[in-house]
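Model the following, please.
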Amino acid sequence: MIQYSCSHGGVYSVNPRLVRVDFSSNINPLGISANVLRILRRNLPKLSSIYPDNEHKILKEKIISYLDGGLTYDSISIGNGATELIYNFARAFVRKQVIIPYPTFCEYELSSRKVGAKIKHVPLRDWKLDVRGILEKTRNSDAIFLCNPNNPTGLFSYHLVEKLIEEIDPSIKILIDESFIEFVDEKKHPRSFIEKINEFRNIVVLRSMTKSFGLAGLRLGYSISHPSTEKKISNNRITWNINGLAQLAGITALDNLSHLRKARKIVTTERELIHERINHNLRSFSAIKSDVNFYLIRLSHGRSRQIRDLLLRKYGILVRECSDFKGIGDKYIRVAVRTHDENSALFDSLESLDK
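Alright, predicted model coming up:
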């Protein structure tokens, strides 16, 4: 029997003692906010010895206020990271077959295979969503997984995704993973499909506080859907799936959005600077234009794993080698946008390999 695995970046994907700067994880470049840390320290003794709120009432209240979309409590599912909600979605709606555009986040396929589903893959065309190709494979399909902005390639056109939603059989559920949407350039910021949940009851929109608020180790995400859809997702949730510290971190983060705004400003500025420096000064590396907090770098020489290992061993810089993304090959690495000094260190290390 074939065993399917799912690879990720992060310091534990290699020897963590070698990592000085982690460019392989696409999270807030400022990490967790000082304010959230202060509140967690103050409340640690109390929260460690009581059960968390299983209904997530205050956290849901803050999410509703943050999204400002007239949502109700029964439109929201809270997850131990966005990944838990991917699996709850699969358990709720996936039976025979799913459609997954690629390359993309591998947990969609793994969660579907774990419930026994067949996978229909549809390749991107020039990094763009192939709506017609997806529609041609919908027969006998239960669900479609869409990552937008897509990991690792970036933002899809809002209108292409909208076209797919409008033309698809409404019995087919669509998970739209917007985990990175808060880092899209504000001038190009797409409308979220959260606004469509009452018009199209077959869509589920996924968000990750892990990425936007730097809560990777605490694990926190949420999904938004029509209440009738959300109820089926929540039926797969275990009791106390979110610990008290993660709940408080989410509540506190949503009470103080200046941390996210500051990070978004850094990402917008630094993304353009590092893209320009790489493409104007290096011969062996070319950065693909990005609208989000990460970008792909194409390698003219060497292989992705080789380059990752060289950067790690010589400079303590960890990048995401992309050879395990379906269909992408071994000529790409993915790099998160971080602070100015960190991005400069990345450029200097790539420049040294360019000689």
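
distance of the spatially closest residue to Ala90 that is not a sequence neighbour from Leu175?
Nearest non-adjacent residue to Ala90, counting by Cβ to Cβ, 6 or more residues apart in numbering: Ser111, 4.0 Å away. All C-beta spots, glycine's among them, are computed from the backbone N, C-alpha and C. Distance from Ser111 to Leu175, counting by Cβ to Cβ, to the nearest Å: 10 Å.

what sits in contact with each of those two?
Residues touching both Ser111 and Leu175 comprise 86, 89, with contact defined as Cβ atoms under 8 Å, 6 or more residues apart in numbering.

Checking my notes, Arg201 in a helix, right?
No: read with DSSP: H, G, I helix; E, B strand; the rest coil, Arg201 is coil and lies in no helix.

Contact partners for it?
170, 225-226, 228-229.

same thing but at 10 Å, please
The neighbours of Arg201, taking Cβ atoms under 10 Å, 6 or more residues apart in numbering as the test, are 170, 173, 225-229.

On the pLDDT front, check it for me.
In this model, Arg201 is scored at 95, pLDDT.

what bits of the chain have low per-residue confidence?
Scanning the chain for pLDDT under 70 picks out the ranges 1-3, 69, 186, 188-190.

Tell me how many other residues surround Asn140.
11 (other Cβ atoms under 10 Å).

Just give the closest residue to it, not the sequence neighbours.
Ranked by Cβ to Cβ, 6+ apart and with sequence neighbours excluded, the top spatial neighbour of Asn140 is Gln97, at 5.3 Å.

and that neighbour, bridged to which residues?
Lys118 (DSSP bridges).

re earlier: name the element the residue nearest to Ala90 belongs to?
helix 107-114 (DSSP states H and E).

Please identify the buried residues of that helix?
Residues 107-113 are the ones in helix 107-114 that count as buried (16 or more other Cβ atoms under 10 Å).

returning to that earlier point: looking at the contacts of Arg201, point me to the pair that's furthest apart.
The span of the contacts of Arg201, defined through Cβ to Cβ, is set by Pro170 and Pro227 at 16.4 Å.

And the protein, what are its domain boundaries?
The chain breaks down by automatic domain parsing into domains covering 11-32+259-354, 34-255.

Let's have those in TSV, adding distance to Ser5.
Formatted as TSV, these follow (distance: least, Cβ to Cβ, whole Å):
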stretch	distance to Ser5
domain 11-32+259-354	9
domain 34-255	8
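
Centre-most residue in this structure?
The structure's the chain has its C-alpha centroid closest to Ser179; by Cα atoms, centre = their mean the separation is 4.0 Å.

in this structure, which spans are helices?
With helices called from DSSP state H, the chain shows them at 34-47, 57-67, 81-93, 107-114, 131-135, 158-167, 209-212, 227-234, 244-255, 258-281, 304-315, 340-354.

Go through these and name the closest to Ser323.
Nearest to Ser323 among those is helix 304-315 (5.0 Å), distances taken as Cβ to Cβ.

Which residues are in contact with the closest residue to Thr83 other than its chain neighbours?
Excluding the flanking residues, the one nearest Thr83 by Cβ to Cβ, 6+ apart is Glu107, at 5.6 Å. Taking Cβ under 10 Å, 6+ apart, we find Glu107 in contact with 6, 8, 82-83, 86-87, 90, 145, 147, 177.

Kindly report the same for Leu296.
Applying Cβ under 10 Å, 6+ apart, the residues contacting Leu296 are 103, 127, 152-154, 286-290, 320, 322, 325, 328, 331-335.

Keep only those of these that are in strands.
Using DSSP state E, the members of the contacts of Leu296 that fall in strands are 286-287, 320, 332-335.

What's the PyMOL syntax to select whichever of those residues are buried?
The PyMOL selection below is limited to those of these classed as buried (16+ other Cβ under 10 Å):
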select buried, resi 287+320+332+333+334+335
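
Arg298: which of the ones in strands among the contacts of Leu296 is nearest?
Nearest to Arg298 among those: Ser286, at 4.8 Å, using Cβ to Cβ.

is it possible to export the buried residues of helix 107-114 to TSV including distance to Leu299?
Below are the buried residues of helix 107-114 laid out as TSV (distance: Cβ to Cβ, whole Å):
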residue	distance to Leu299
Glu107	26
Tyr108	26
Glu109	25
Leu110	27
Ser111	31
Ser112	31
Arg113	30
